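Colleague: Predicted structure and sequence below. I'll ask about it afterward.
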Amino acid sequence: MGKKIFSGVQPTGNLHLGNYLGAIKNFVDLNNDNDNKCIFCVVDLHAITIKQDPKELKNNIRETVATFIASGIDPKKSIIFNQSGVAAHAEGAWILSCIARMGWLNRMTQFKEKAGKDKEKASIGLYSYPVLMASDILLYDATHVPVGDDQKQHLELCRDIAQKFNNDFEVENFLQVPEPLIQKEFSRIMSLKDGSKKMSKSELSDLSRINLTDDKDQIINKIKKAKTDPLSMPKDIKELDKRLEAKNLLGIYSSLTNSKLQNSVTNFAGKNFSEFKEKLSEELVNKIEPISNEIKKLLGDERYLDKILLDGVEKANLIASKKIERIKEIVGF
Ligand code: AMP
Ligand code: TRP
């Protein structure tokens, strides 16, 4: 049976290899399966949970659309739209925030990480953002949600919210309880500078990540400078638990070449890192350079990108507005 897919990416700039291998690559495979109905959302309402420059935000929204298309998502097959264009997302989030419990949200580790030491100064939106994410998903009766490993907890919360809504209002199966689609391996790509930290858009050092807009020279340079350890390449997969940088680089290589981590370890066992890094750069350039070129080309045609969003908003609105009307009836409005 075909799946109903929904996923979102924040337009906060610097989309990187972690976004690609953890999420977007999966979107493309799902989009290519004709049995699936896919919706990919540029979640601009989520982006403003942290202060954004309005001009940059607008550019980043276009860049996210360009990245989707350059990576291989076909806007004729999948709906691509921006969240703020469909009012039902914010409306649904309010209603669901009256279903979700404080205790549930208090457990969210991403809030703790993003809010940092001074929680009192974090926006309320940053705290309640997983409820908005639940609204995104539940409005479209999504059966499957492809995300990277860091979103697992938010998806569990979404499932809890859907179940509580269905129970509280005695509407069995009204809100579809979605399944996460998280890759078993390589679902968390780490920083090139620190194998214990997630590769992230917000990391200060650009050398910590491969951006999807990087050119060949930048990619080669970043891999050359990527942190390793003084030993030669691991001979046994067990060593990787203690050699996080080697684990991450071998993971990236395996994901790019669609091979098992064990095979990659065997391939390079005992060799110098420099030899491995050359091969890794080659794979990265082959994969990322065409995407990077295409993003740059698409960014030159703002009207095309805006038209895709407008069409997407129209299609998404047809689905979401029906669902929110039913939700309001059920609640008693
Ligand atoms: P975001 O840019 O935070 O909106 O994330 C978009 C998608 O990329 C989500 O599905 C994330 O789980 C995924 N993602 C972000 N960073 C990483 C990473 N370092 N490794 C794997 N997946 C990631
Ligand atoms: N919270 C997700 C992130 O930061 C983005 C997101 C928003 C999302 N709404 C979603 C992902 C719905 C999947 C489904 O990466």
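Modeller: Thanks, I have the structure now. Ligands and ions are numbered 1, 2, ... in the order given.
Colleague: Wait, residue 237 touches residue 265, no?
Modeller: Yes - counting by C-beta atoms under 8 Å, residue 237 does reach residue 265; the two are 5.0 Å apart. No exception for glycine: its C-beta is placed from N, CA and C like everyone else's.
Colleague: Between these two, which has more neighbouring residues?
Modeller: residue 265 (21 against 16; other C-beta atoms under 10 Å).
Colleague: Going by residue numbers, what spans are strands in this protein?
Modeller: 4-9, 37-42, 79-82, 144-146, 179-181 (DSSP state E).
Colleague: got those as TSV, with mean neighbour count columns?
Modeller: Output for those, formatted as TSV (neighbours: other C-beta atoms under 10 Å):
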stretch	mean neighbour count
strand 4-9	23
strand 37-42	24
strand 79-82	24
strand 144-146	21
strand 179-181	16
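Colleague: Next, the contact list for whichever residue of the stretch 201-333 of the chain sits closest to ligand 1, please.
Modeller: Ligand 1 sits closest to residue 201 of the stretch 201-333 of the chain, with a gap of 6.0 Å, by C-beta to the nearest ligand atom. For residue 201, the contacting residues are 12, 13, 14, 15, 16, 19, 209, by C-beta atoms under 8 Å, 6 or more residues apart in numbering.
Colleague: quick one, what contacts the closest residue to ligand 1 within the stretch 51-200 of the chain?
Modeller: Residue of the stretch 51-200 of the chain nearest ligand 1, by C-beta to the nearest ligand atom: residue 148 (2.5 Å). Neighbour list for residue 148: 18, 19, 22, 23, 182, 187, 188 [criterion: C-beta under 8 Å, 6+ apart].
Colleague: Tell me how far residue 314 lies from residue 114.
Modeller: 33 Å (C-beta to C-beta, to the nearest Å).
Colleague: try residue 124
Modeller: For residue 124 relative to residue 114 (C-beta to C-beta), the value is 13 Å.
Colleague: now swap in residue 12 and tell me
Modeller: From residue 12 to residue 114 the distance is 12 Å (C-beta to C-beta).
Colleague: What residues does this structure have near ligand 1?
Modeller: Proximity of the chain to ligand 1 (C-beta under 6 Å from any ligand atom) is limited to residues 9-10, 18-19, 22-23, 147-148, 150-151, 187-189, 198-199, 201.
Colleague: Of the residues you listed, which belong to helices?
Modeller: 18, 19 (DSSP state H).
Colleague: Check pLDDT for the residues of the chain next to ligand 1 and point me to the minimum.
Modeller: Lowest in pLDDT among the residues of the chain next to ligand 1 is residue 187, which has 86.
Colleague: Setting aside sequence neighbours, what's the nearest residue to it?
Modeller: residue 149 (4.0 Å; C-beta to C-beta, 6 or more residues apart in numbering).
Colleague: How many neighbouring residues does the one you found have?
Modeller: 16.
Colleague: How far off centre is stretch 109-123?
Modeller: In terms of C-alpha atoms, centre = their mean, to the nearest Å, the centre of stretch 109-123 is found 20 Å from the chain centre.
Colleague: right, I mislabeled it, should have said stretch 22-35
Modeller: Centre-to-centre, stretch 22-35 and its host chain are 13 Å apart (C-alpha atoms, centre = their mean).
Colleague: oh, and call the first residue 30 from now on, that's how I've got it
Modeller: Okay, using 30 as the starting number, the last item reads as stretch 51-64.
Colleague: buried residues in that stretch?
Modeller: 51, 52, 53, 54, 55, 56, 57, 59, 60 (16 or more other C-beta atoms under 10 Å).
Colleague: do stretch 202-212 as well
Modeller: 203, 204, 205, 206, 207, 209, 210, 211, 212.
Colleague: Can you redo the residues you listed as CSV, where the extra columns are distance to ligand 2?
Modeller: Converted to CSV, those look like this (distance: C-beta to the nearest ligand atom, whole Å):
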residue, distance to ligand 2
203, 19
204, 14
205, 13
206, 14
207, 8
209, 9
210, 10
211, 11
212, 14
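Colleague: Okay then, goodbye and thanks.
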